[in-house]
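Undergrad: Provided below are the primary sequence and the corresponding predicted coordinates.
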Amino acid sequence: MTSQTLIDELIKKCEHSFELSDNIDVIKIAESLGLRVMSVDFKNDGSANIVYNNDSEQFIIYVNSKQKKERQRFSIAHEIAHYLLHKNEIKEKGKVDRIGYDSLSNEQEREADKLAAQILIPENTNTRKYY
């Protein structure tokens, strides 16, 4: 499945989450996928990570509350992209972060960056406000 197909399906599934003139609400998109989003004060300079809880079988996105809102939106979209593209790796590792032993490959990070950008600015919806 191509990333554009993923985006088209995601937008179709989440159309009720935003109106044409609104910003794309990444938290509502995450919630529609069954993901929880938690804003927390990171002790380091990290932006976000995604965690899989084996006990509850739930994915949770943690986003750094100290980051600017625009950065938080991209970080949440990036973690949604990891969920869509790398769900099995997240389950295996328990947590995915950009740094340390929790990190995925550089290629997987680039894939998540690209899909995050497409989530925030879908190609086929150029009439939306993005900022």
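TA: That came through fine.

Undergrad: in this structure, where's the longest helix?
TA: helix 69-93 (DSSP state H).

Undergrad: and that one, what other elements does it pack with?
TA: On a contact count with 3 or more C-beta pairs under 8 Å, 6 or more residues apart in numbering; DSSP states H and E, helix 69-93 meets helix 3-14, helix 26-32, strand 48-53, strand 58-64, strand 95-96, helix 106-120. (Glycine included, C-beta is placed from N, CA and C.)

Undergrad: average pLDDT across the first one?
TA: Computed over helix 3-14, the mean pLDDT rounds to 63.

Undergrad: kindly report the same for the shortest one.
TA: Average pLDDT, strand 95-96: 78.

Undergrad: tell me the strands beside that strand, with direction?
TA: On the basis of DSSP bridges, the sheet neighbours of strand 95-96 come out as strand 48-53 (antiparallel).

Undergrad: angle of the partner strand against helix 69-93?
TA: 30 degrees (axes from the mean of the first three to the mean of the last three C-alpha atoms, to 10 degrees).

Undergrad: in strand 48-53, what counts as buried?
TA: 48, 49, 50, 51, 52 (16 or more other C-beta atoms under 10 Å).

Undergrad: pull the distance from it to the chain's centre.
TA: Centroid separation for strand 48-53 versus its chain: 11 Å, with C-alpha atoms, centre = their mean, to the nearest Å.

Undergrad: just the angle for it relative to strand 58-64, thanks.
TA: Going by the same axes, to 10 degrees, strand 48-53 makes 160 degrees with strand 58-64.

Undergrad: what's the local residue count around residue 57?
TA: Residue 57 has 9 neighbours, counted by other C-beta atoms under 10 Å.

Undergrad: I meant to write residue 26 there.
TA: Look at residue 26: counted by other C-beta under 10 Å, it has 26 neighbours.

Undergrad: adjust the sequence numbering to begin at 522 for everything that follows.
TA: Fine by me, first position is 522 from now on; the one you just mentioned is residue 547.

Undergrad: mind listing what the residue lying closest to it once chain neighbours are set aside touches?
TA: Nearest residue to residue 547, sequence neighbours excluded (C-beta to C-beta, 6 or more residues apart in numbering): residue 597, at 4.3 Å. By C-beta atoms under 8 Å, 6 or more residues apart in numbering, the contact set of residue 597 is 547, 548, 551, 558, 569, 582, 584.

Undergrad: fine, thanks again, bye for now.
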